[in-house]
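A.B. asks: fold the following.
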Amino acid sequence: MALTAVVSAVGLVVDDRVLAGAPIWFKPFKFSVSFVAYCLSLAWMLSLLPRGRRAGWWAGTVVAVTSLVEMVIITGQVVRGKRSHFNYATPLDGALFNAMAVAVVVLWLGTLAVAVLLLRARIADHPSAWAMRSGIVLALAGAGVGFLMTRPAPGQRRGVSEVVGAHSVGVPDGGPSMPLTGWSTTGGDLRIPHFVGMHALQLLPLLVMVLTVLAPRFARLADDRTRLRLVLLASGTYAAVFALVLWQALRGQPLIHPDAPTLGAAGVILAAAALGTYGSLRAAAPSPRGATDAEETPAPKDLVA
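C.D. replies: Have a look, this model is predicted:
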């Protein structure tokens, strides 16, 4: 995937073709970079399993092979100058997209197997364990958003239309979009919740790493229970944000133009996260400095008598 990212980056420079409103090599570049992060994260998580490593090896291999199948099809279609997703223009195009759809389902099932292993594993570091568990469950939910994209958009009919499915909601694919991401600026875009969910796999474990680095400097973070509370709070907040951007996309609303209900829900999530963080840190407050040894340590019974 790293090699494909380099090749795709070169393609962006030397190939000026545009497909569906975006540079033709942009899709393989995004997918390959995403797979690098995805597979490295899963490999690290599998390395921490105390048991079930053989099953984890097979699940990881399934993810790697199906990722490769998907990228071969995407890159092959770029070379041909054709769409890789939702393309039924010819029998070959339809067969390639169907093969890619099967590969994605198998990849999702392979990730599900890894999730089951992580949920059952007894990992001593509880904050890390729950960050990994929450991250992979959210990644499965984010990957599942891809199945919503395969539904016929308005005006499309299976077996009749050359294109069946879309990233955008309420507007055609290929319209005005945000720089770098390519997300629609005029309608909803299912790639946003897809992205948010998938990358919980990296962001939640990254939070644990940050908390661990800060623990020696901040006494309250030195408590394993405090870090666990913060990780669980972050996981819940992340899940709420994922649900919010999914709801926003399904209503055909651009990310950068939220309406009042979206802003209200975002405000509730932000307030809950702030209060939860305050409560988690307050619960770990150190003992008052004025406390003496006699106040903190019960006296022996014979001395009391």
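
A.B. asks: and the strands in this structure?
C.D. replies: With DSSP state E, the ranges of strands along the chain come out as 18-19, 22-23, 168-169, 188-189.

A.B. asks: using JSON lines, lay out the ones you listed together with mean pLDDT, mean neighbour count and distance to residue 79.
C.D. replies: All C-beta spots, glycine's among them, are computed from the backbone N, C-alpha and C. Output for these, formatted as JSON lines (pLDDT from 0 to 100; neighbours: other Cβ atoms under 10 Å; distance: least, Cβ to Cβ, whole Å):
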{"stretch": "strand 18-19", "mean pLDDT": "90", "mean neighbour count": "14", "distance to residue 79": "12"}
{"stretch": "strand 22-23", "mean pLDDT": "90", "mean neighbour count": "16", "distance to residue 79": "14"}
{"stretch": "strand 168-169", "mean pLDDT": "94", "mean neighbour count": "22", "distance to residue 79": "25"}
{"stretch": "strand 188-189", "mean pLDDT": "96", "mean neighbour count": "28", "distance to residue 79": "26"}
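
A.B. asks: nearest to residue 208, out of the ones you listed?
C.D. replies: Each of these has some distance to residue 208 by Cβ to Cβ; the shortest is strand 188-189, at 29.9 Å.

A.B. asks: contacts for that closest one next, please.
C.D. replies: Contacts of strand 188-189 with the rest of the structure, by Cβ atoms under 8 Å, 6 or more residues apart in numbering, involve 167-171, 183, 248-255.

A.B. asks: in the sheet, which strands lie alongside it, parallel or antiparallel?
C.D. replies: Strand 188-189 pairs in its sheet with strand 168-169 (antiparallel), by DSSP bridges.

A.B. asks: related to what we said a few turns ago, filter the contacts of strand 188-189 to the buried ones?
C.D. replies: 167-171, 183, 248-249, 253-255 (16 or more other Cβ atoms under 10 Å).

A.B. asks: pLDDT weak spots in this protein?
C.D. replies: For the chain, applying pLDDT under 70 flags the ranges 284-305.

A.B. asks: mind listing the helices for it?
C.D. replies: 2-14, 26-47, 53-80, 91-120, 126-149, 191-198, 200-214, 224-250, 260-283, 293-296, 301-304 (DSSP state H).

A.B. asks: tell me which residues of the second one come out buried.
C.D. replies: Yep, that's helix 26-47 we're talking about. Neighbour-count burial for helix 26-47 [16+ other Cβ under 10 Å]: 26-35, 38-39, 41-42, 45-46.

A.B. asks: how about the third one?
C.D. replies: Within helix 53-80, the residues that count as buried by 16+ other Cβ under 10 Å are 56, 59-60, 62-64, 66-67, 69-71, 73-75, 77-78.

A.B. asks: over to the longest one?
C.D. replies: Across helix 91-120, burial judged by 16+ other Cβ under 10 Å covers 93, 96-97, 100-101, 103-104, 106-108, 110-111, 113-115, 117-118.

A.B. asks: what about that helix, distance to the chain center?
C.D. replies: 16 Å (Cα atoms, centre = their mean, to the nearest Å).

A.B. asks: just checking, what packs against it?
C.D. replies: helix 26-47, helix 53-80, helix 126-149 (3 or more Cβ pairs under 8 Å, 6 or more residues apart in numbering; DSSP states H and E).
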